[in-house]
Structure formats: structure tokens, C-alpha cells
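Participant: Predicted model and sequence follow; I will ask about them next.
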Amino acid sequence: MKDWLRDYSPVTTCQQEFTINDFEIGRPLGKGRFGNVYLAWLRESKFIVALKVLFKSHIEKNAMEHQLHPNILCLYKYFHDHKQVYLILDSPYSGSKPIPSECCPPFLS
């Protein structure tokens, strides 16, 4: 994603604190040792992101607090609840790669 686009995205320019209720969650994009990644979009703006959901207990148990690497996908923001940390990441489909039809949010179908 171009830097200027990231700088002006609805996620990075928004001053509000996000919660899971601000997102529609689509299909899983991947699973990892500490959590899962989902295709998601903001309910209000329909801005598409990848939402990585990490379990706090796994992060703390494995001493990973300082080893999260935000550059795998561009990290916009994060939020958390009592059990999980949510990373709002650049969609892996932003750019020249089209979103596969089976992954499409309803508003793009």
C-alpha cells in the first residue's frame, strides 16, 4: 500500500478507539500459533482490512510482548479486550491483487 494512502485511510485518520463491534468479520485468511487473521471491513466506511486476533494469554505465556512484528502487513492501529489483542492490518488484497469472489464482502459482490 502506498504511504500516502495509509496516511489517509479511514483507520489511521480516525481518532476513535475501535472495538470488535466496529467491524464486519469475513472469512479466515490464515491461522497461526498465537491467533487467526480474518478479512474484515469497517461497518461505517466499508474500508477493507485484515484483522489479526491474538490471544493475550498466549502472548504473555510465550514472552512475545516485544516480539510482534508489524511489518508483515502494514499495521494501522490496534485495540484489545480482556482476552484478546486485535491488530488492524492492511488488507492483503489492497493493490493489484483482486479479492477472490469467495472472500468478497457482501457490498462488493
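Facilitator: Nice, I can see it.
Participant: Pull up the gap between His58 and Gln84, please.
Facilitator: Relative to Gln84, His58 is positioned 10 Å away (criterion: CB to CB, to the nearest Å). Where C-beta positions appear, they are placed from N, C-alpha and C, glycine not excepted.
Participant: and what of Asn36?
Facilitator: Asn36 is 10 Å from Gln84, by CB to CB.
Participant: swap in Leu75?
Facilitator: Distance of Leu75 to Gln84, given as CB to CB: 16 Å.
Participant: Likewise for Ile25?
Facilitator: Relative to Gln84, and taking CB to CB, Ile25 is found at 13 Å.
Participant: out of those two, which sits in the busier spot?
Facilitator: Each of Ile25 and Gln84 has its neighbours counted (other CB atoms under 10 Å); Gln84 has more, 16 against 13.
Participant: bridging residues for the closest residue to Val53 other than its chain neighbours?
Facilitator: Spatial nearest neighbour of Val53, excluding adjacent residues (CB to CB, 6 or more residues apart in numbering): Gly35 at 4.7 Å. Judged by DSSP bridges, the bridge partners of Gly35 are Leu54.
Participant: Spit out the contact partners of Gly35.
Facilitator: When contacts are counted by CB atoms under 8 Å, 6 or more residues apart in numbering, Gly35 is found next to 52-55, 58, 84.
Participant: who wins for neighbours among those residues?
Facilitator: Lys52 (25 neighbours).
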